[in-house]
Every structure is written in C-alpha cells, then in structure tokens.
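S.K.: pasting the sequence and the predicted coordinates here, then a few questions.
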Amino acid sequence: MPRIRDIAQVCKSKNAGPFHVTIDVLFEDPALYARVKATGVLNAALFARLYGVAEEDVQFSPYDAASAFKATLPRLVPAGDVGDTDVYGAQQHAPLLEVDIPLNDPAG
C-alpha cells in the first residue's frame, strides 16, 4: 500500500502564527489527487490522532483547484517557547509521510 511520501509531490509544514502549524499535501496529477480524496483517509480525525490534538481544533480542507489538502492545527508548544524543538514548524509534516493510502496502483 503506498504511503503519502510515495505518491504526493509535496508534503510540507510551516508556522501559521506562533500557536498553529499548517500542513500541505499537494499532488501533481489531479486524477491521483481525486483517488486519494475518494479514500477519505486524509481528514481532520487523522490529523487529530497523529498530532495529539482535538479533532474540533483541526481545520481541514481539500482544495480541488490545486489538487491539495491543507490542515491547520494548534501547536502543542508555542513557537519559540521552552520545549519547542521546531520553531519554524518546518518538520511537523513527518508523521503524515508514513500514512498508508489504500490505492490499488501506487503509480496512480
């Protein structure tokens, strides 16, 4: 079963202010994006589970025009605060890379 890291062209995270992080998953092929979207695997509940936050605190949006998914969620530690290990939020996408997407053909 392919993972996000195998099929997405871009999977990145960044600060969305000091208290939130945004994660973007983009696909070059709109047909592959549509297949991933149809699985329903990428959703607010998944992000809540992966990042240890409440599902109602996750803003999740598929964006068909860009063949992309976007999730914004609260940071567990504010950017730059004691205990923050990623002040720019640039490494927060890592848990998402291992998510399995149930496609028959990983090439799309």
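M.R.: Done, it's in. Everything numeric here is computed off the predicted structure, so don't read it as measured data. Numbering: from 1, shown residues only.

S.K.: who touches the closest residue to E55 other than its chain neighbours in this structure?
M.R.: Leaving aside its chain neighbours, E55 sits nearest to A48 (4.0 Å; criterion: Cβ to Cβ, 6 or more residues apart in numbering). Glycine gets a C-beta too; all of them are placed from N, C-alpha and C. A48 makes contact with A54, E55, D57, V58, L73, according to Cβ atoms under 8 Å, 6 or more residues apart in numbering.

S.K.: got the buried residues for the host helix or strand of A48?
M.R.: Element membership for A48, per DSSP states H and E: helix 44-51. Across helix 44-51, burial judged by 16 or more other Cβ atoms under 10 Å covers A44, L46, F47, A48, L50, Y51.

S.K.: and the fifth one, what pLDDT?
M.R.: It refers to L50. L50 is assigned a pLDDT of 97 by the prediction.

S.K.: same check, this time on the first one
M.R.: Taken from the predicted model, the pLDDT recorded for A44 is 98.

S.K.: surely it touches Y51?
M.R.: No: counting by Cβ atoms under 8 Å, Y51 is not a contact partner of A44; they are 10.8 Å apart.

S.K.: ends of stretch 20-31, what's the gap?
M.R.: Criterion Cα to Cα, to the nearest Å; first-to-last residue distance in stretch 20-31 is 31 Å.
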